[in-house]
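Asker: predicted coordinates and the sequence they were generated for:
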Amino acid sequence: MTIRTESLVHRYGDAVAVDDVTLTVEDGEFVVLAGANGSGKTTLVRHFDGLLEPDAGEVVVDGLSVPENLVAARSAVGMVFQDPRDQFVAATVGADVAFGPENLGLPRAEITERVADALAAVNMAGRGDDRVDELSGGEQERVAIAGALAMRPSHLVLDEPFTGLDAPARDAVVDRLAALRDAGTSVVVVTHDLRDVCALADRVVVMADGRVVADGTPDALGDALERYDVRPPDRGC
Ligand SMILES: Nc1ncnc2c1ncn2[C@@H]1O[C@H](COP(=O)(O)OP(=O)(O)OP(=O)(O)O)[C@@H](O)[C@H]1O
């Protein structure tokens, strides 16, 4: 169970946003995708579930070509986008988390079970009737993660999940991600700030100008991070 890109290229008009990226995220791995603003991180991960089409190269999830198997890719890869408010589709927490499983056409009892499990996994058990617009930023982020989890993905990709969160909310999200990784879900976190996730990361992949310029354990990368405008943790990992 892997996410793999092979010589992936994505262009917006004449501008190359992802430039010949070959990358594998292994089963159960926790990967941080780092790099300065505009380095191509969001564009790259949007290929993992076929939201964008490659201009060249391949994207393969769990052995299947993503562009040719969009439904399978979107079931296998859960995505949490940059601003959770942009992805809510219902007024209440429970209805929002149920939306994905409902679209899969699952029986009501299974939907109820998935919603309860997903909310429990993000420490929001029993909050199904709360209005999403009345939650704190950290709670909204966790509901967005629950929405992805309710699809029971084998991979979870989060784009800047800590933006706008205060320290306790960041800690709560980090705790949830650690628990998910321990339960066997591979996790990809897009960020330009390593402080929150360094301790969890098996690997840090750094992008600059659309290319992968460094790939290794947080310790091995060390000083290279600052060179590429990635904020390293204040006291190491
Ligand atoms: N829809 C789009 N149309 C045209 N150019 C785009 C579009 N989206 C991104 N780009 C450009 O592609 C490049 C890569 O952007 P991308 O958002 O993938 O980078 P990023 O590393 O995720 O940055 P950020 O942290 O700011 O989201 C940038 O130069 C950006 O301006």
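Answerer: Good, I have the coordinates.
Asker: where does pLDDT dip in this protein?
Answerer: Along the chain, the parts satisfying pLDDT under 70 run over 229, 232-237.
Asker: so where do the strands sit in it?
Answerer: With DSSP state E, the ranges of strands along the chain come out as 3-12, 15-25, 30-35, 56-61, 64-65, 77-80, 155-159, 186-190, 203-208, 211-216.
Asker: switch the ones you listed over to a markdown table; also include mean neighbour count and distance to the ligand.
Answerer: Where you see a C-beta, it was placed from the backbone N, CA and C, and this is true even at glycine. A markdown table is the format used below for the strands of the chain (neighbours: other CB atoms under 10 Å; distance: least, CB to the nearest ligand atom, whole Å):
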| stretch | mean neighbour count | distance to the ligand |
| --- | --- | --- |
| strand 3-12 | 18 | 3 |
| strand 15-25 | 18 | 4 |
| strand 30-35 | 25 | 5 |
| strand 56-61 | 18 | 15 |
| strand 64-65 | 14 | 22 |
| strand 77-80 | 25 | 13 |
| strand 155-159 | 24 | 7 |
| strand 186-190 | 24 | 7 |
| strand 203-208 | 24 | 6 |
| strand 211-216 | 16 | 11 |
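Asker: tell me the contacts of the closest residue to residue 166 other than its chain neighbours?
Answerer: Of all residues not flanking residue 166 in the chain, residue 138 sits nearest, at 7.2 Å (CB to CB, 6 or more residues apart in numbering). Counting by CB atoms under 8 Å, 6 or more residues apart in numbering, residue 138 makes contact with 165, 166, 168, 169, 170, 172, 173.
Asker: measure residue 138 to the ligand for me?
Answerer: Here the distance between residue 138 and the ligand works out to 20 Å (CB to the nearest ligand atom, to the nearest Å).
Asker: mind starting the numbering at 4 from now?
Answerer: With the count now opening at 4, the last piece we talked about shows up as residue 141.
Asker: measure that residue to residue 10 for me?
Answerer: 38 Å (CB to CB, to the nearest Å).
Asker: repeat for residue 167
Answerer: Relative to residue 10, and taking CB to CB, residue 167 is found at 35 Å.
Asker: what do you get for residue 213?
Answerer: From residue 213 to residue 10 the distance is 12 Å (CB to CB).
Asker: on that earlier part again, among the contacts of residue 141, which one has the most neighbours?
Answerer: With neighbours taken as other CB atoms under 10 Å, the top of the contacts of residue 141 is residue 176, carrying 25 neighbours.
Asker: from memory that residue sits against residue 143, does it?
Answerer: No - assessed by CB atoms under 8 Å, residue 176 is found out of contact with residue 143, at 10.7 Å.
Asker: tell me which strands and helices the longest helix along the chain is in contact with?
Answerer: Counting by DSSP state H, the longest helix found in the chain is helix 170-185. The contact analysis (3 or more CB pairs under 8 Å, 6 or more residues apart in numbering; DSSP states H and E) places helix 170-185 against helix 111-124, helix 140-152, strand 158-162, strand 189-193.
Asker: dump stretch 79-89 to PDB, restricted to CA.
Answerer: Provided in PDB are the C-alpha atoms of stretch 79-89 (Å, rounded to 0.1, in the frame of the first residue of the first chain):
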ATOM      1  CA  ALA A  79      -7.700   5.200  -0.600                       C
ATOM      2  CA  VAL A  80      -6.400   8.800   0.000                       C
ATOM      3  CA  GLY A  81      -8.100  11.000   2.500                       C
ATOM      4  CA  MET A  82      -7.400  14.700   1.900                       C
ATOM      5  CA  VAL A  83      -7.800  17.500   4.400                       C
ATOM      6  CA  PHE A  84      -7.400  20.800   2.600                       C
ATOM      7  CA  GLN A  85      -5.800  24.000   3.800                       C
ATOM      8  CA  ASP A  86      -8.800  25.800   5.300                       C
ATOM      9  CA  PRO A  87     -11.300  23.300   6.800                       C
ATOM     10  CA  ARG A  88     -14.100  25.800   6.400                       C
ATOM     11  CA  ASP A  89     -13.800  25.500   2.700                       C
END
